[in-house]
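J.: Give the three-dimensional model of this entry:
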Amino acid sequence: MKRAVPRSRHRGDAGRPPGGGIELAIGMLARRPLSEGEVALRLARKGLDEDEIPAVLSRLRELGLLEDAALCLRLARSYQEDRRYGPAKIASKLASRRFPRDLVEDALREVSSPGAVAEAAATALRKKFREGIPPGHDGAAKAYRFLAGRGFPPDACRAAVGRRRTEFSQGD
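T.: Predicted coordinates for the structure are as follows:
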């Protein structure tokens, strides 16, 4: 049996969203934090007039519901500390969330000190290779590729692979 879907939710409706752009945006932000770019894109996809979007974004900023700088930095820290991503992957993830380039660069400067990047790479390897990096050149290459795929720079990859091999050979 089909469930009845309210008419305003049909994609084919060309009419304006009920309640206007502010209410629509607040509903989006209630589900998860979004960047201004994400909110603008979603409002446009929902059919809000392009001329109204800047006013909606401005009002959301006034209400304290959109704070791109704080959100960008919080996400950068989370990507590094929780997911163990390197700077390149963090930048890619933040860009995909439609943050302005200058905010992404500021957040990366904040979280990507050489020591923090090296520690994140070493921790990512410990988590991935709990029993140690497989022996030989192939094992080291596999570990290096893993870190490179997570966005770590080559020097951090080499250092972390060497460090993890030493830790494991000494009994971790």
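
J.: Can you give me every residue that contacts residue 52?
T.: residue 21 (CB atoms under 8 Å, 6 or more residues apart in numbering). (Glycine included, C-beta is placed from N, CA and C.)

J.: ditto for residue 85
T.: 79, 93, 120, 150-151.

J.: 7 Å instead?
T.: 79, 93, 150-151 (CB atoms under 7 Å, 6 or more residues apart in numbering).

J.: and it, how far is that from residue 20?
T.: To residue 20, residue 85 is 38 Å away according to CB to CB, to the nearest Å.

J.: Kindly report the same for residue 73.
T.: 31 Å.

J.: Which one of those two is surrounded by more residues?
T.: Using other CB atoms under 10 Å, the more surrounded residue of residue 73 and residue 20 is residue 73, with 18 against 12.

J.: hang on, that one packs against residue 109?
T.: No: Residue 73 lies out of contact with residue 109 (CB atoms under 7 Å); the separation is 10.1 Å.

J.: overlap in contacts of these two?
T.: With CB under 7 Å, 6+ apart applied, the contact sets of residue 73 and residue 109 do not overlap.
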